[in-house]
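*Asks:* coords please:
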Amino acid sequence: MKFINILILCLLMTLAISTAFAQKARPTKPKPKATTKSLAKGNIELEAGLTYRSGDSKPVARVKVYLIKEDLKNVFLTQKHLDMYNEFATTPGFKINSLDEWTLYGAVINWEQAVNPTLNAVLKESLAKITITSEITGFDGKATFTNIPTGNYFLFAFYRPNTQGNLWNVPISVKPGINKIILDNNNKG
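*Replies:* Alright, predicted model coming up:
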């Protein structure tokens with residue numbers, strides 16, 4: 001009986017050793033390395049200013065500039081928004097008959113002045129959905145957007161120092177490095 005116990009013990013040890021060697025001899029797949037997708041990024045150095053009829057050039061100071069994913073016209077000038085505008089406009093002369101008659105400037109005035117609170121809230125939400133980031137210009141009219149993934153965007157800003165407002169909805173292309181953009185009389189919408 002002692003002999004059988006020793007034999008079984010030897011067989012178990014042989015089996016354990018051969019299993020251990022077999023596992024070490026088996027080829028293993030290398031673990032995949034973690035990869036990070038690197039997107040090129042750029043900075044936007046913005047300068048906003050206007051030249052007036054008097055010939056004076058002034059910086060556009062303390063204005064919020066939005067970096068947005070798409071053309072604001074496609075977002076604000078929809079039939080839904082026009083219907084909301086017309087529903088609120090009780091004076092016949094203020095109704096707009098078609099999208100062709102509605103301007104981005106008119107829609108932005110409604111957004112900025114909150115003439116129609118319902119439309120204002122919807123336009124604010126629409127703008128928020130397409131906004132990447134925003135910056136406020138300094139007293140010198142300058143602002144910087146940092147670490148922006150390369151690609152195509154729009155810069156949107158509305159400046160109203162008096163009764164007439166100035167609107168920018170400018171397409172830009174962000175490339176790696178520094179991208180200098182000027183908002184002025186030549187590219188306002």
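
*Asks:* List the contacts of the longest strand belonging to the chain.
*Replies:* Identified as the longest strand of the chain according to DSSP state E is strand 41-51. Contacts of strand 41-51 from elsewhere in the structure, counted by CB atoms under 8 Å, 6 or more residues apart in numbering, are 57-60, 63, 65, 67, 135, 137, 141-150, 155, 157, 159, 166, 168, 172, 174-185, 188. All C-beta spots, glycine's among them, are computed from the backbone N, C-alpha and C.

*Asks:* Just the buried ones out of those residues, please.
*Replies:* 59-60, 63, 65, 67, 135, 137, 141-143, 145, 148, 155, 157, 159, 166, 168, 172, 174, 179, 181, 183-184, 188 (16 or more other CB atoms under 10 Å).

*Asks:* Can you tell me the centre-most residue of the protein?
*Replies:* By CA atoms, centre = their mean, the mean C-alpha position of the chain lies nearest to I132, the distance being 2.0 Å.

*Asks:* do you know how far it is from K69?
*Replies:* To K69, I132 is 6 Å away according to CB to CB, to the nearest Å.

*Asks:* any residues in contact with both of those two?
*Replies:* Common contacts of I132 and K69, defined by CB under 8 Å, 6+ apart, comprise Y153.

*Asks:* what residue ranges in this structure score low on pLDDT?
*Replies:* Applying pLDDT under 70 to the chain flags residues 1-38, 163, 189.

*Asks:* What segments of it are strands?
*Replies:* Per DSSP E, the chain carries strands over the ranges 41-51, 57-59, 64-68, 131-136, 142-149, 151-159, 166-174, 177-183.

*Asks:* What separation do you get for P59 and N179?
*Replies:* From P59 to N179 the distance is 19 Å (CB to CB).

*Asks:* Equivalent analysis for N116, please.
*Replies:* 36 Å.
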